[in-house]
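> Here is a sequence with its predicted model. Questions after.
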Amino acid sequence: MAHEITEVRAMEILDSRGRPTLEVTVGLRDGSIDVAGVPSGASTGRREAVERRDGDPARYDGQGVQGAVEAVNGEIADLLRGRTWTGLPNVDTALIDLDGTANKSRLGANAIVGVSMACARALAAASGRELWRWLTPAGVQPRLPVPSFNVINGGVHAPNPLDFQEFMITPIGAPSMAEAVRAGAQVYAALRRLLHSLHEVTGLGDEGGFAPQIREPEDALRFLVTAIENGGYRAGADGVMIALDPAASEFHHDGRYRVAGAHLSSSELIDRYTEMLAFFPIWSIEDGLAEDDWDGWAYLTARLGDQVQLVGDDIFVTNTAIIADAIDQRIGNAALIKVNQIGTVTEALHAIDTCRQAGYAQMVSHRSGETTDTFIADLAVGSGCGQLKTGAPARGERIAKYNRLLRIAAEHPELAYGPCSVEA
Ligand SMILES: O=C(O)[C@@H](CO)OP(=O)(O)O
Ligand SMILES: [Mg+2]
């Protein structure tokens, strides 16, 4: 069904790091009106869609988004308003064409993604369906995703010497969404008690995980296993497993990986992962190597791809063309899906579909800078991908997503839960 867009506007709001971002409102002739908050990354891939920042040092240290706001209120509103649109792909294609660059840098990916998300919401409302249901592609079974809670933060997300960025706990063995969230919260509480007892600081990183003053990744893994057990769970496939996002592009310099003072080659870092897999219940490693190290990734995938999920984030940037190349070259076996990394909802759904066709798993993801927007919870459910990472079970902007999942689960007991997207 076609809809006339009658209203498109944006304003500057703050994200969870206290940096400006956009809130976009889209309204339709039938009266549906909806809003989206735009997230923002810190460890960004080189080939991501580019967010537009003002650069005026007098405003928010040059981080303002007034230019992107003006792009929405001006050029984009002029394009969309007063015209009838047959659906979101139609709107998203028009936005891509209007921008005219390969990386959405002219209007700004932050401007475009906000419009795309708000439009999706307004169109869903007009159809009388919940967003997750409206987002579900034909032939796909929606499902509740297993959550990965980022409970120890390092890298560029925390002021500690830990080089690996994210240490997540995934309640693989939980029987339901509600029990998975409960497990996340119990282990998080147990981890806080453990760190206190060790006189470690329990200050938080950008995604709400603790930021202890440790530097060896294995120390963080030991903390996690102890916290899982202290929280009353088994560390393993029938209980709570561990997912890592080293975000290796951030510590890759001059062909070497700098981990806790050591300068490792790709294969030495892969050896280190192999040892970690032998000693700890790790089921997923994201960005285990840098985005430019495709040879290393090929070797990593050949060595560990049948034992562990290998997720491409910085290397794939939710870009269907790059993912298709990676599939051809047997690089990784899963993709992280971030809507703002590619810039429109339609393209993110396309990336998910490309993965599904090739048997690559998909994990929908937040950004380290977030608002209380819960779009990704609906996207994770609607796409049927089976996996979502959205930070610690703490801090409002992360909790908003987990609480949205709890609400969907409570209202729809018919929805399956769990991480088996590839077969779905
Ligand atoms: O690397 C990542 O996966 C993300 C989200 O956790 O971080 P950022 O948003 O800073 O890119
Ligand atoms: Mg990542």
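Ah, there it is. Ligands and ions are numbered 1, 2, ... in the order given.
> Just grab the bridge partners of the closest residue to ligand 2 within the stretch 151-300 of the chain for me.
Proximity of the stretch 151-300 of the chain to ligand 2 (CB to the ion) peaks at residue 245, 4.4 Å away. Where you see a C-beta, it was placed from the backbone N, CA and C, and this is true even at glycine. Taking DSSP bridges as the rule, residue 245 bridges to residue 166.
> what's near enough to touch it?
With contacts defined as CB atoms under 8 Å, 6 or more residues apart in numbering, the neighbours of residue 245 are 150, 164-166, 168, 285-287, 311, 313, 389.
> can we see that at 10 Å?
43, 148, 150, 154-155, 157, 164-168, 284-288, 311, 313-314, 336, 363, 365, 389 (CB atoms under 10 Å, 6 or more residues apart in numbering).
> restrict those residues to contacts with ligand 1.
43, 166, 313, 336, 365 (CB under 6 Å from any ligand atom).
> Looking at these, which are in strands?
With DSSP state E as the criterion, strands contain 166, 336, 365 from among the ones next to ligand 1 among the contacts of residue 245.
> I'd assumed residue 311 was in contact with the first one.
In other words, residue 166. No. Contact criterion CB atoms under 10 Å: residue 166 and residue 311 do not qualify, at 11.0 Å.
> Overlap of the contact sets of these two?
With CB under 10 Å, 6+ apart, residue 166 and residue 311 have common neighbours 243-245, 286-287, 389.
> and the residue lying farthest from the centre of the chain, backbone torsions?
Ranking residues of the chain by C-alpha distance from their mean position (CA atoms, centre = their mean) puts residue 82 at the top, at 33.7 Å. Backbone geometry at residue 82, expressed as degrees, to the nearest 10, gives phi 80, psi 0.
> I'd say it and residue 6 touch.
Yes. The criterion here is CB under 10 Å, and residue 82 meets it with residue 6 at 7.4 Å.
> Could you pick out the residues of the stretch 151-300 of the chain near ligand 1 for me?
166, 207, 245, 247.
> The helix or strand hosting residue 401 packs against which elements?
Remark: residue 401 resides in helix 396-411, with elements defined by DSSP states H and E. Packing partners of helix 396-411 (3 or more CB pairs under 10 Å, 6 or more residues apart in numbering; DSSP states H and E): helix 131-135, strand 143-144, strand 146-153, helix 177-197, helix 375-383, strand 387-389.
> want to throw the ones you listed into a markdown table with mean neighbour count and distance to ligand 2?
A markdown table is the format used below for those (neighbours: other CB atoms under 10 Å; distance: least, CB to the ion, whole Å):
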| stretch | mean neighbour count | distance to ligand 2 |
| --- | --- | --- |
| helix 131-135 | 21 | 22 |
| strand 143-144 | 25 | 22 |
| strand 146-153 | 28 | 10 |
| helix 177-197 | 19 | 19 |
| helix 375-383 | 28 | 14 |
| strand 387-389 | 27 | 9 |
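> Kindly reformat the ones you listed as CSV containing mean pLDDT.
CSV is the format used below for the helices and strands packed on helix 396-411 (pLDDT from 0 to 100):
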stretch, mean pLDDT
helix 131-135, 98
strand 143-144, 98
strand 146-153, 98
helix 177-197, 98
helix 375-383, 98
strand 387-389, 98
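> can you redo the ones you listed as TSV with distance to residue 18?
What follows is the helices and strands packed on helix 396-411, written out as TSV (distance: least, CB to CB, whole Å):
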stretch	distance to residue 18
helix 131-135	28
strand 143-144	32
strand 146-153	17
helix 177-197	23
helix 375-383	21
strand 387-389	22
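> got the contact list for the nearest residue in space to residue 4 that is not next to it in sequence?
Spatial nearest neighbour of residue 4, chain neighbours left out: residue 29 (3.9 Å); criterion: CB to CB, 6 or more residues apart in numbering. For residue 29, the contact set (CB under 10 Å, 6+ apart) comprises 3-7, 82, 84, 126.
> Report pLDDT for the residue of the stretch 151-300 of the chain closest to ligand 2.
On pLDDT, residue 245 comes in at 98.
> For it, give its distance to residue 286.
Between residue 245 and residue 286 the computed distance is 4 Å (CB to CB, to the nearest Å).
> if we can go back for a sec, quick one, what contacts the residue farthest from the centre of the chain?
4-6, 29.
> next one: residue 391
Contacts of residue 391 (CB under 10 Å, 6+ apart): 16, 147-151, 153, 157, 166, 168, 204-209, 365-368, 370, 397-399, 401-402.
> try it again with 8 Å
Here residue 391 is in contact with 149-150, 207-209, 366, 370, 397-398 (CB under 8 Å, 6+ apart).
> CSV for those, including distance to residue 119?
Converted to CSV, the contacts of residue 391 look like this (distance: CB to CB, whole Å):
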residue, distance to residue 119
149, 30
150, 29
207, 27
208, 29
209, 33
366, 20
370, 20
397, 22
398, 25
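> hmm, back to that, who touches both of residue 245 and residue 286?
166, 311, 313.
> Identify the residues contacting the first one.
If I follow you right, that is residue 166. So residue 166 contacts 150, 152-155, 157, 207, 209, 243-247, 286, 389 (CB under 8 Å, 6+ apart).
> And for the residue in the stretch 301-424 of the chain that ligand 2 sits nearest to, the neighbour number?
Ligand 2 sits closest to residue 313 of the stretch 301-424 of the chain, with a gap of 3.5 Å, by CB to the ion. Other residues near residue 313 come to 29 when the count uses other CB atoms under 10 Å.
> The one 3 residues further on now?
Counted with other CB under 10 Å, residues neighbouring residue 316 total 31.
> which SS state does it fall under?
coil (DSSP: H, G, I helix; E, B strand; the rest coil).
> Which pLDDT does the model give it?
Residue 316 is given a pLDDT of 98.
> ok, so what distance separates it from ligand 1?
Distance of residue 316 to ligand 1, given as CB to the nearest ligand atom, to the nearest Å: 11 Å.
> For that residue, give its distance to residue 92.
19 Å.
> How about residue 224?
For residue 224, the distance to residue 92 - CB to CB - is 39 Å.
> Same question for residue 104.
11 Å.
> and what of residue 37?
The value you get for residue 37 to residue 92, if CB to CB is used, is 18 Å.
> Compare these two and say which is more crowded by neighbours.
Remark: of residue 37 and residue 92, residue 92 carries more neighbours, 25 against 22, as counted by other CB under 10 Å.
> Outline the domain layout of this protein.
Domain segmentation of the chain under the TED database yields 3-128, 146-411.
> closest to residue 135 out of those?
domain 146-411 (3.3 Å; CB to CB).
> For this protein, what lies in contact range of ligand 2?
245, 287, 313 (CB under 5 Å from the ion).
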